[in-house]
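Trainee: Kindly return the folded structure for what I paste below:
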Amino acid sequence: MLRTVAPALLAVLIATGCAMPMKPGGAATALTAQLGAADEVPPTRSNGSGTLDARYDPGSRKLTWSITYFGLSGPLTAAHFHGPAAPGTNTGVVVPFKGDLGSPITGEATLSEIQAKDLLDGKWYVNLHTAANPGGEIRGQVLAKP
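Mentor: Numbers count the residues shown, from 1 in each chain. Modelled structure (predicted):
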């Protein structure tokens, strides 16, 4: 009898959503941001611009990125992801960039579940800082690629 009940019980659990939760996984999400002076809060007068290309893997919860930029007023003094924040609002640093800040900036970080949700919900932005613009020279909201 157990052989006939177990498959039926498993089918009921799956159909009702009561089965054991699955480990995080699925396809990686490609992310992008267009960095510009107009997106800074307040906006700057920089001629700089940049692009973020990133991937988030839900299985490992790893975010990897590459940021290219040019035309800034000087060398970067800091660069990082901020969040959670909607466009037009400022918030604290969530992931600082380490090492060489020359273009391209590459890196990776393992995110918490809350960080990953905020990132995928479009609540993170990239901010690049220079001596002339210590609050940030160019900025871009991180969004999933269409």
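
Trainee: use CA for all of it now, contacts and neighbours both
Mentor: Fine.

Trainee: hey, where'd the strands end up in this structure?
Mentor: Under the criterion DSSP state E, the chain contains strands at 29-36, 49-57, 62-70, 76-82, 93-96, 105-110, 125-130, 138-141, 143-144.

Trainee: tell me the most buried of the ones you listed?
Mentor: strand 138-141 (a mean of 28; mean count of other C-alpha atoms under 10 Å).

Trainee: which residues make contact with that one from outside it?
Mentor: 33-40, 44, 46, 48-50, 87, 122-129 (C-alpha atoms under 8 Å, 6 or more residues apart in numbering).

Trainee: Leaving out the residues flanking it, which one is nearest to L111?
Mentor: Distances taken as C-alpha to C-alpha, 6 or more residues apart in numbering place R61 nearest to L111, at 5.6 Å, with adjacent residues excluded.

Trainee: In contact with that neighbour, which residues?
Mentor: Counting by C-alpha under 8 Å, 6+ apart, R61 has contacts T110, L111, S112, E113, A116.
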